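A.B. asks: Here is a sequence together with a model predicted from it:
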Amino acid sequence: MHSVLEQPAVQAAVQPAVQASAAEHLQAALQAALAPIVQPVTTPTVQAAAAAAAAQAAAHAAAAHAQAAAATAQAAAAQAQAAAAQAQIAAAQAQVAAAAAQTVQVAAAQAAQAIAEAVAAVIAPAVQAEVAASTHHLLVGIIRLNNELRSDGSIEPYDEMPFANGTLPSENGLPAVLQACQVRLLTAQEARAMLVGWGQPVPPELDTAHLHIKRWIGISVPI
């Protein structure tokens, strides 16, 4: 009689379990036998390699960070330089504008001064001539009034009547008429020169010229 284990059906059912159990036992036995040899060698080597790789990665990361920081610093420096350049350009533009404004002001002042000088050159002589004429006319009136109050001039001599240019007859080589009797002593040439110097008309007759001189000087008595 065969054993139950020898039956084909039983062997077919049991054999895979036996084989698996044997393989497991064999693998466990191999691991147990190799553990004292592999573990002391493999574990420190792997750890060292991992540590080295980590250190290298950290070094690379630190280098990358340093490069990024340097690039950031360079960018900031470039921005600062650009800002400084813009500030210098703005300052230069302001200086140019100020110089241009000052140039315009100087040119305007020079133009105004030139215009004022030109106007003064035209107006001043006319004004001076008008003032001189008014002053001379006033002086002639005062001298004529004083001479009229001195009768024939024998006690108090007449004042010389100045010419239109401000000089006196005696300063031009002509006799000074200081008394009424001296008018009739003037020659035709002297009488003519006096009337021309005073800017008065010159009559052809000497007696008429003497009368003009009498009235112009301010003689109030007959001559």
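C.D. replies: Yep, it's here.

A.B. asks: Roughly how far does Ala90 sit from Ala100?
C.D. replies: 15 Å (Cβ to Cβ, to the nearest Å). In this view, the C-beta of every residue, glycine as well, is placed from N, C-alpha and C.

A.B. asks: got it, and Val140?
C.D. replies: According to Cβ to Cβ, Val140 stands 59 Å off from Ala100.

A.B. asks: show me the contacts for Leu206.
C.D. replies: Going by Cβ atoms under 8 Å, 6 or more residues apart in numbering, Leu206 touches 188, 191.

A.B. asks: at 10 Å what do you get?
C.D. replies: By Cβ atoms under 10 Å, 6 or more residues apart in numbering, the residues touching Leu206 are 184, 186-189, 191-192.

A.B. asks: quick one: which of those residues is nearest Pro169?
C.D. replies: If you rank those by distance to Pro169 using Cβ to Cβ, Leu186 comes first, at 10.0 Å.

A.B. asks: Hmm, that closest one is touching Asp207, no?
C.D. replies: No. Counting by Cβ atoms under 10 Å, Leu186 stays clear of Asp207, with 11.1 Å between them.

A.B. asks: now the spatially most central residue of the chain: how far from Ala111?
C.D. replies: With distances taken as Cα atoms, centre = their mean, Ala98 lies nearest the centre of the chain, 2.1 Å away. Ala98 sits 20 Å away from Ala111, going by Cβ to Cβ.
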